[in-house]
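# Build the 3D model from these lines:
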Amino acid sequence: MAERDTAIDLAVDATFDLSRFVHVAREGLGAAAQATRVAKVLAGSRNRTRKAGTPPHPTAEELESASKLEAFAAKQFPHFPFLYGLAAFRLYAILEAGVEDWLRDLLVIHPEIRERPAFAQLEGALVPFARATPLQQAQMLLDGVKGRLATPLKKGVGRFETLLDACGLGGAICDVVRRLILELIEVRNAVAHRNGKADERFLQQCPWFLAARGQPLLVTPLHFDRYVVAVHWYLVELSRRYDAIHPSSAGAASKKPAEIQELLDELKARLQQMELSLKGKDPHNQHLQPTPR
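Numbering: from 1, shown residues only. Alright, predicted model coming up:
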């Protein structure tokens with residue numbers, strides 16, 4: 001079903017684009033660590049073509065700029081916490097938008113969902129709702145349920161599962177995914193509201209994360225890769241739930257239930273492997289790539 005697949009597929013595609021961007025940015029930080037040397041090498045050709053009376057390259061300003069780049073890069077090596085903290089922030093935004101856009105589309109495709117108790121109890125202005133397009137109506141209804149159920153205040157993946165339950169799409173989540181999405185959300189909150197530093201809330205919600213109050217969170221490549229795979233598992237699980245309820249809506253190219261379950265099991269096994277790597281080895285030397293599509 002194209003409409004149902006679009007929101008989930010777009011979210012998955014966005015996670016791969018994010019991973020590619022992170023790889024490029026990491027390479028850029030590697031180049032920044034040698035900014036002074038690069039500036040001096042490039043200065044040779046520029047000096048051969050510079051006009052008489054102009055200062056030779058690199059200028060004092062160029063050297064100062066290169067020195068600042070090197071100093072910043074030196075603080076990031078070898079774990080790149082600034083980069084991976086920002087990447088986690090973006091990853092959560094992709095997950096949140098993906099789930100909510102998917103549910104909004106389902107409210108258009110399956111208007112019977114609107115008859116469920118959580119929607120039937122909503123109140124609001126009728127005229128603006130009547131004048132809205134079906135997609136706008138779906139968004140109004142979804143926003144209304146979010147407000148009524150106070151979903152942003154729910155812990156971890158509960159903010160999504162509360163909405164999914166309201167739409168008849170709730171389900172079980174494996175423990176490792178539940179814990180990692182909670183960790184992703186709390187890292188996102190720390191980046192957004194605490195300049196990437198651990199506060200009391202973070203330490204209470206994620207006691208397993210090695211962090212000290214008031215200190216920057218050391219979000220490593222392995223941490224980020226865990227979050228990506230956990231998000232993939234969850235998005236695949238949402239697709240599986242829908243197909244289980246609406247098997248006739250699955251397109252010809254859709255995977256069979258057994259294939260979907262096999263993918264979920266594979267992603268779960270990868271997460272468990274990553275957790276062992278994080279606990280038993282130096283996580284800064286581990287960089288496991290997300291499962292390819």
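
# Distance of P247 relative to R178?
26 Å (C-beta to C-beta, to the nearest Å). Any C-beta I mention is one placed from the backbone N, CA and C, and that applies to glycine too.

# Report all helices and strands that the lengthiest helix in the chain contacts.
For the chain, the longest helix by residue count, based on DSSP state H, is helix 2-32. Counting contacts by 3 or more C-beta pairs under 8 Å, 6 or more residues apart in numbering; DSSP states H and E, helix 2-32 packs against helix 60-76, helix 81-109, helix 221-245.

# Just want the angle from that helix to helix 60-76.
Counting by axes from the mean of the first three to the mean of the last three C-alpha atoms, to 10 degrees, helix 2-32 lies at 120 degrees to helix 60-76.

# Tell me where the stretch 151-293 of the chain has strands.
Counting by DSSP state E, counting those that start in this stretch, one finds no strands in the stretch 151-293 of the chain.

# ok, back up a step: so what's the model's average confidence on the longest helix of the chain?
Average pLDDT, helix 2-32: 87.

# what does stretch 228-239 give?
Throughout stretch 228-239, pLDDT has a mean value of 97.

# what comes into contact with that stretch?
Applying C-beta atoms under 8 Å, 6 or more residues apart in numbering, the external contacts of stretch 228-239 come out as 4-5, 8, 11-12, 15, 18-19, 91, 94-95, 98-99, 102, 157, 160, 164, 169, 171, 173-174, 176-177, 180-181, 184, 260, 263-264, 267-268, 270-271, 274, 290-291.

# cool, and stretch 85-93?
Against stretch 85-93 from outside (C-beta under 8 Å, 6+ apart): 15, 18, 21-22, 184-185, 187-188, 190-192, 196, 216-217, 219, 223-224, 227-228, 231.

# That one: how far from the chain's middle?
Its chain's C-alpha centre and that of stretch 85-93 lie 5 Å apart, by C-alpha atoms, centre = their mean, to the nearest Å.

# Just the buried positions in it, please.
G85, L86, A87, A88, F89, R90, L91, Y92 (16 or more other C-beta atoms under 10 Å).

# Stretch 177-196: which residues count as buried?
By neighbour count on 16+ other C-beta under 10 Å, the buried set for stretch 177-196 is 177-191, 196.

# Out of those residues, flag the one nearest to L203.
Using C-beta to C-beta, E186 comes nearest to L203 of those, at 9.5 Å.

# ok, the closest one to P207 distance?
11 Å.

# follow-up on the earlier one: which of the contacts of stretch 228-239 are buried?
With burial judged by 16+ other C-beta under 10 Å, the buried subset of the contacts of stretch 228-239 is 4-5, 8, 11-12, 15, 18-19, 91, 94-95, 98-99, 102, 157, 160, 164, 169, 173-174, 176-177, 180-181, 184, 260, 263-264, 267-268, 270-271, 274, 290.

# Mind pulling the model confidence for L180?
For L180, pLDDT reads 98.

# what's around the residue lying closest to it once chain neighbours are set aside, how many residues?
Leaving out its chain neighbours, the residue that sits closest to L180 by C-beta to C-beta, 6 or more residues apart in numbering is A230, at 3.9 Å. Counted with other C-beta atoms under 10 Å, residues neighbouring A230 total 29.

# any idea how far V187 is from A230?
Taking C-beta to C-beta, one finds A230 at 12 Å from V187.

# before we move on, the earlier item: can you give the distance from the longest helix of the chain to the centre of its chain?
Counting by C-alpha atoms, centre = their mean, helix 2-32 comes out at 9 Å from the chain centroid.

# next structured bit after that helix?
Counting by DSSP states H and E, the next helix or strand C-terminal to helix 2-32 is helix 35-49.

# which parts of that following helix are buried?
Of the residues in helix 35-49, A35, T36, V38, A39, A43 count as buried by neighbour count, 16+ other C-beta under 10 Å.

# Please tabulate those residues in a markdown table, including the columns distance to G124 and pLDDT.
Putting those into a markdown table (distance: C-beta to C-beta, whole Å; pLDDT from 0 to 100) gives the following:
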| residue | distance to G124 | pLDDT |
| --- | --- | --- |
| A35 | 56 | 86 |
| T36 | 61 | 89 |
| V38 | 59 | 81 |
| A39 | 60 | 83 |
| A43 | 65 | 81 |
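
# angle of the helix or strand of the chain with the lowest mean pLDDT against helix 2-32?
Sorting the helices and strands of the chain by mean pLDDT, DSSP states H and E puts helix 35-49 at the bottom, at a mean of 80. Put simply, helix 35-49 runs at 80 degrees to helix 2-32, going by the same axes, to 10 degrees.
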